[in-house]
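Visitor: 3D, please:
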Amino acid sequence: KEVYLGDIIINFNKVKKKNTKKFFKLEFDRLWIHGIVHLFGHDHKKDRDFKSMNKIEKKYFNLVND
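Guide: This next block holds a predicted model:
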């Protein structure tokens with residue numbers, strides 16, 4: 001069974017400003033992880049929500065950039 005959560009849109013104009021391949025990859029990973037955390041239902045409208053979402057993002061970011 002398929003589950004559709006939504007779409008992730010990445011602004012490549014923001015990502016391509018990174019001047020090396022390494023920084024491009026890191027920024028790209030940061031953005032798609034941010035998008036997927038939103039698809040899982042998190043937001044960052046309030047300070048406490050921002051802190052919670054940021055903690056989740058860091059966890060996933062560290063997993064894919066080990």
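
Visitor: what about residue 8, how many neighbours?
Guide: By the other CB atoms under 10 Å criterion, the neighbourhood of residue 8 contains 13 residues. The C-beta positions use only the backbone N, C-alpha and C, and glycine is treated the same way.

Visitor: which SS class is it?
Guide: The three-state label given to residue 8 by DSSP: H, G, I helix; E, B strand; the rest coil is coil.

Visitor: per-residue confidence at it?
Guide: With respect to pLDDT, residue 8 scores 94.

Visitor: please apply the same query to residue 18.
Guide: Residue 18 carries a pLDDT score of 64 in this model.

Visitor: number of residues surrounding residue 31?
Guide: 17.

Visitor: please tell me how far the closest residue to it other than its chain neighbours sits from residue 24.
Guide: Distances taken as CB to CB, 6 or more residues apart in numbering put residue 10 closest to residue 31, at 4.9 Å, once the chain neighbours are dropped. Noted for residue 10: a distance of 12 Å to residue 24, by CB to CB, to the nearest Å.

Visitor: next, report how far the helix or strand of the chain with the lowest mean pLDDT is displaced from the centre of its chain.
Guide: The least trusted helix or strand in the chain, going by mean pLDDT, DSSP states H and E, turns out to be helix 12-15, with a mean of 80. On the basis of CA atoms, centre = their mean, to the nearest Å, the separation between the geometric centre of helix 12-15 and that of its chain is 14 Å.
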